[in-house]
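[1] what's the 3D shape of this:
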Amino acid sequence: MTTRAKRHLEVQREDHTAIRYTVSGPASGTTLALIHGWGLNRTDFDAIADHLPDDVRVIAVDLAEHGESRSTRNVWTIEEFGRDVAAVLEAESIDTAVVAGHSLGGAVAVEVGRQLPDKVSHIVALDALHYLGLFPAQSAEQVEAMENLFRQDFEGGVRGLVEGGSPAGTDEALKDAYFEKMVAVRQPAGLHSIEGLVHWDMDAALSETKQPITVFAIRELTDQEAIERYGDRIDIVLVDLGSHHFQVEAPEGTARLLAGVVDSK
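    Sure thing, here's the model as predicted:
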């Protein structure tokens, strides 16, 4: 493993939105853009970047109001998060990139692919898109129930997300650490971005996204129904690397998975 030299940069968008991101690796290398999940930040990918081949250029982005990025905007949709990442790729003059996202970031990666069809060559979701109770378009009743849960008991909603992403036997201290990090998400963006996710129409987005999509899904958390529903559009690869947050728990193994996609380009 080589510790990469990292540059921390910023791109300005409208509505006083400053998107912070980290770049490492050669400008001439194949670009891999990494997008964190809800309530998390770009440091989740630090160890992964150090395990990737030296010729891969890595760009890790903090979405608005996550990590070091700040915004006063009122729009917290998945599409707008996609524009955050697209603005970074444009600022870095990227011609082609593999875009990978964890959890909510997987949905954002799809939107980046839809918005930049000529720049994004492949989309990767890290334990995302295959949770049928969260990503595909939900009924009005389901959306209202999810929104009410987080409005009335935000901590309980976050705890539910952590528990739902934890296979049997997951260390309790690890779950507590994820909870403490996620529950501290900046507000009101934290609540509104959850609402943005449950309002996102994944099926419509997929119909307009032409790039190949690979999902690396935790085996124990993946339902056969999801494979049957999306297997003809998404390459769902089952992995055994830990919990929903496996990119943090198994950075070397995650880097191998990502490098395999990048190498195929």
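[2] Could you use CA atoms for every contact and neighbour count after this?
    Noted.
[3] any low-confidence regions in the protein?
    Within the chain, the stretches falling below the threshold (pLDDT under 70) are 1, 265.
[4] Residue nearest the middle of the protein, spatially speaking?
    G105 (1.8 Å; C-alpha atoms, centre = their mean).
[5] ok, that residue touching L40?
    No: using C-alpha atoms under 8 Å, G105 is not in contact with L40; the gap is 9.8 Å.
[6] Now for the residue nearest to K175 when sequence neighbours are not counted: which residues touch it?
    When the adjacent residues along the chain are set aside, K175 lies closest to V162, with 6.5 Å between them (C-alpha to C-alpha, 6 or more residues apart in numbering). By C-alpha atoms under 8 Å, 6 or more residues apart in numbering, the residues touching V162 are 175, 178-179.
[7] repeat for E90
    Shown in contact with E90 (C-alpha under 8 Å, 6+ apart): no residues.
[8] sec struct for it, please.
    On the three-state scheme (DSSP: H, G, I helix; E, B strand; the rest coil), E90 is labelled helix.
[9] Any figure for the gap between G113 and D50?
    With distances taken as C-alpha to C-alpha, to the nearest Å, G113 is found 25 Å from D50.
[10] Would you mind telling me which of these two has the busier surroundings?
    The residue with more neighbours, out of G113 and D50, is G113; 28 against 20, by other C-alpha atoms under 10 Å.
[11] S71 touches T17, doesn't it?
    Yes: S71 is within contact range of T17, at 4.0 Å (criterion: C-alpha under 8 Å).
[12] what is in contact with the two at once?
    Common neighbours of S71 and T17 are listed as A64 (criterion: C-alpha under 8 Å, 6+ apart).
[13] what about Q211, neighbour count?
    Burial measure for Q211: 17 neighbouring residues, criterion other C-alpha under 10 Å.
[14] any idea how far it lies from S243?
    In this structure, Q211 and S243 are 27 Å apart, going by C-alpha to C-alpha.
[15] Same check on S139?
    In this structure, S139 and S243 are separated by 28 Å, where distance is defined by C-alpha to C-alpha.
[16] Looking at these two, which has the bigger crowd around it?
    Just comparing S139 and S243: by other C-alpha under 10 Å the higher neighbour count belongs to S243, 28 against 11.
[17] List the residues that contact that one.
    Neighbouring residues of S243 by C-alpha under 8 Å, 6+ apart: 165-167, 170, 218, 249.
[18] Having no further points to raise, I will conclude here.
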